[in-house]
Structure formats: structure tokens, C-alpha cells
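sharing a sequence plus its predicted fold:
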Amino acid sequence: MQLVVREVACRRGARELFRGLGFTVPAGRALVVTGPNGAGKSSLLRLLAGLASPVSGSIRLEGAPEPDAYREQVHYLGHLDAHKLALSASANLGFWRDLLGGVDQGAALKVEDALEAVGLGGLGGLPVAVLSAGQKRRLALARLLVTERPLWILDEPTTALDARAQALFAALARAHVEKGGLLVAATHAPLDLGPSESLDIGAHAARTPPGAAWTEEVAS
């Protein structure tokens, strides 16, 4: 399985962020997307998650068991944690598990095990409103574990996490990649993801003449 992006163009309002963008992320690899604010990192991730459509080009997950159901292969974690504050941590996680379903639920964790895996063991009964910002982010990361999907699309996944939680996230991400998963993450901070490539949107855009096409190929 591999994520293949070919000649993709993206526009936000009247501004074209990038054109002719291409890369390949094979199974068992990660791609780290970097660049300054406004360069198009989040916009690229939304395209990859199927939440927006490119102006041109194609995005495919080749070799997926259900190629016509692209979004069902993808886990997207954006800037917002997307919790119901009045509900408990366990109830929030159970809701997302039931809503998202998954390609291979046999490999997904139970709610209690996922909370333990992100360092929230014993806190499942608490309303999310009383959790700290870091704990809320950990709970958002736990969604990746209760529903098994091959492609993780993560926007600043370590936001609000302390050093211990960042190391915990890195271990979970590496485990996903090591078992053949794919991961694309946008970040301003270093991520210890194991085998990975990088795509610096800002650097490429800065040296590209206005209106010109540019392409970044990530080797498998």
C-alpha cells in the first residue's frame, strides 16, 4: 500500500498555495511536512484527508483493500481536539470508535486500553471539561487507537504535550509505521517517527517564481 500524490494544486481563496506537488509515501514510512505559517501545511493535510478537493491533480491510496472508500482508510487529527466537554473521556472515545468504524477492527484497542496507552488510565470517568490541555490532546490521540485505519494524517500532533507525552506519542506513531502503516504529519517541532522523509513546503515555495509549478518527489 502507498499514498501517491500527483501534480496536485491547492488554492485558498484567491491565493494559490502550491501547484504540481507530488510525492509518494509507501507503507511503513512517515512523511513530515514543515514550513512557515501560511505556507500550506494544513491545507495539504486537509486534501490528503479528503476534507477538501485539489484544484487539479490526484491523491490515491494504492493497494488499499477498499480503494473507492478513501476516507475510510484515513485518520485525520487537526488542530482542534473535537471533544464534547460535558461527556466523560471514555464516552467521547466510545463515540468516535462507533462513528468511525474501521477497516480492520480486530487490531483496534478497547476504550480502556487506548486511554491507558496515552497515559490517561483511570481518568476515563472524568468529564473532558476538567482535563488539562495536554490531557485533552492525549485523548484526541487515543482516537487513532480505537479505530484501525492505515493512513494517519496529523496536524501538529504534539501541541500542548509535555516532554513525556511527546515521547509517548512518538512511540505510538513508530509502532503504527513499523506494522506497515502510513503517516503524514505537519509540525513545527521535531518528531521522532522512525523511518521518514521530509517535505519543506516553505523552502520550495520561497524559491519558486510566482505562477511556476514545483514538484517534490519523496523516494520510497
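It's in.

every contact and neighbour count from this point should use C-alpha atoms.
Will do.

quick one: the helices in this structure?
With DSSP state H as the criterion, the chain has helices at 41-48, 89-100, 111-117, 133-146, 163-178, 201-206.

make TSV from the ones you listed and add mean neighbour count to it.
Shown next, in TSV, are the helices of the chain (neighbours: other C-alpha atoms under 10 Å):
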stretch	mean neighbour count
helix 41-48	22
helix 89-100	19
helix 111-117	19
helix 133-146	23
helix 163-178	18
helix 201-206	16
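
nearest to residue 35, of these?
The closest of the helices of the chain to residue 35 is helix 201-206. By C-alpha to C-alpha, the value is 4.3 Å.

who does residue 184 bridge with?
residue 31, residue 153 (DSSP bridges).

count of residues packed around it?
When neighbours are counted by other C-alpha atoms under 10 Å, residue 184 registers 23.

likewise residue 154?
24.

low pLDDT regions in the chain?
Within the chain, the ranges that satisfy pLDDT under 70 run 67-68, 102-107, 202-220.

go again with 50.
204, 206-220 (pLDDT under 50).

residue 56: which of the helices of the chain is closest?
helix 41-48 (11.2 Å).

sorry, back to before: any chance of the helices of the chain in TSV, plus distance to residue 30?
Below are the helices of the chain laid out as TSV (distance: least, C-alpha to C-alpha, whole Å):
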stretch	distance to residue 30
helix 41-48	13
helix 89-100	23
helix 111-117	21
helix 133-146	15
helix 163-178	7
helix 201-206	16
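
looking at those helices, which is closest to residue 192?
Distance to residue 192, taken as C-alpha to C-alpha, is lowest for helix 163-178 among the helices of the chain, at 5.6 Å.

in CSV, list the C-alpha atoms belonging to the closest one.
Extracted C-alpha coordinates of helix 163-178, given in CSV (Å, rounded to 0.1, in the frame of the first residue of the first chain):
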residue,chain,number,x,y,z
ALA,A,163,8.1,16.0,27.0
ARG,A,164,6.8,12.7,28.4
ALA,A,165,3.7,12.8,26.4
GLN,A,166,5.6,13.7,23.2
ALA,A,167,7.8,10.6,23.8
LEU,A,168,4.7,8.5,24.3
PHE,A,169,3.1,9.8,21.0
ALA,A,170,6.4,9.1,19.2
ALA,A,171,6.3,5.5,20.4
LEU,A,172,2.7,5.1,19.3
ALA,A,173,3.5,6.6,15.9
ARG,A,174,6.6,4.4,15.4
ALA,A,175,4.6,1.3,16.3
HIS,A,176,2.0,2.3,13.6
VAL,A,177,4.6,2.7,11.0
GLU,A,178,6.5,-0.4,12.0
